[in-house]
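[1] Got a predicted structure here, sequence first:
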Amino acid sequence: MSTLVMLTCCGGCGGAISDGGRVLVFLGAGVSFGAARAGGRMTFDNEKYKPWPPHDLIDLGWSSGDDDLPLPFWPWLVHRMLRQLASFAESHEHVSLRKFFSEEGPLDCAQLFRQTVGEANYREFLLEQFDIGRHPFIQVTPSHTALRELNLPLLFTTNYDELIEAAYQQAGQPLRVSVSEQQFLARRAEKPARHLVKLHGSIDQPDTIVLTRTDYARARSDRKEMLSLLRSELVEASFLFVGFSLSDPNFGLIHDDIRLVYGMNLPASCTVQGRRDPVKER
């Protein structure tokens, strides 16, 4: 099912294309969400705007709307972490778990989960959520195909799955992928025709995944050149954000710094939304 639903922009993307400017794509979880479920992007947005945590969390028997399918968005992913921790924790810890997961941000929840379950179980958890090879029913969506057909030289994503790569592979088109800083430096030297920069790692290399607070902090130093490229492109190019909420912490730091320097003197960008939200647009 296609995840491309509604386009909100400041007139910049169309103008950039018609004027011969550069337009790049930044892909988030909303692109892949629909590959595992029929609701597609609309379901993604409707669920995302529900209050978190669910008000029936108090009994740890909540009905958060989580469908238990792979490729979840952040609230469902965090919900699954809490559910696993609660299933193994002593009953007297349930109140503390509930309090922690309702008061702390997702990065800290992921940090607690990883430290509690151990590296082997954490790795298995990630593979079960994002390894599309484990779930034969997951297929490349029309959105992935449409994005591939744009034939852009550079794409950024925070997604862990390999659906973007699969879209290019099915079409027999070469795509160079950078998952780590070392790979990125090598790919840049090659100057490939098509380059996918996976800022948060890839599930085929679970050790590269950026999810916990420590991961985010380490990424700012270990992936300096990857983030530096994103920063420079945000200044020079118009971006089409697809399935990306713009709330990622590291992205926010980069974008805040740019806006402090350039103000409104930046190329206009566009975002794909499941439904129009005028307050969020402002």
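    Cool, the structure landed.
[2] Show me which positions of stretch 202-218 end up buried.
    Under the neighbour-count criterion of 16 or more other CB atoms under 10 Å, stretch 202-218 has S202, I203, D204, P206, T208, I209, V210, L211, T212, R213, D215, Y216 buried. Placement of C-beta: from N, CA and C, glycine included.
[3] ok, now which ones touch the last one?
    The contact partners of Y216, taken as CB atoms under 8 Å, 6 or more residues apart in numbering, are L107, V210, P249, N250.
[4] quick one: low-confidence parts of this protein?
    1-21, 39-64 (pLDDT under 70).
[5] Pop the domain breakdown of it in here.
    6-39+138-281, 42-134 (automatic domain parsing).
[6] most surrounded residue in the contacts of Y216?
    Using other CB atoms under 10 Å as the neighbour test, the contacts of Y216 are led by V210, with 23 neighbours.
[7] Is it correct that that one falls within a strand?
    No: going by DSSP: H, G, I helix; E, B strand; the rest coil, the assignment for V210 is coil, not a strand.
[8] Neighbours of the residue lying closest to it once chain neighbours are set aside, how many?
    Nearest residue to V210 in three dimensions, chain neighbours excluded: H200, at 4.0 Å (CB to CB, 6 or more residues apart in numbering). As a burial measure, H200 scores 19 neighbours (other CB under 10 Å).
[9] check contacts around H200.
    For H200, the contacting residues are T157, T158, N159, Y160, I209, V210, L211, A219, by CB under 8 Å, 6+ apart.
[10] 7 Å instead?
    T158, Y160, I209, V210 (CB atoms under 7 Å, 6 or more residues apart in numbering).
[11] And those, which two are furthest apart?
    Within the contacts of H200, T158 and I209 form the most distant pair, 10.6 Å apart (CB to CB).
[12] Thank you, goodbye.
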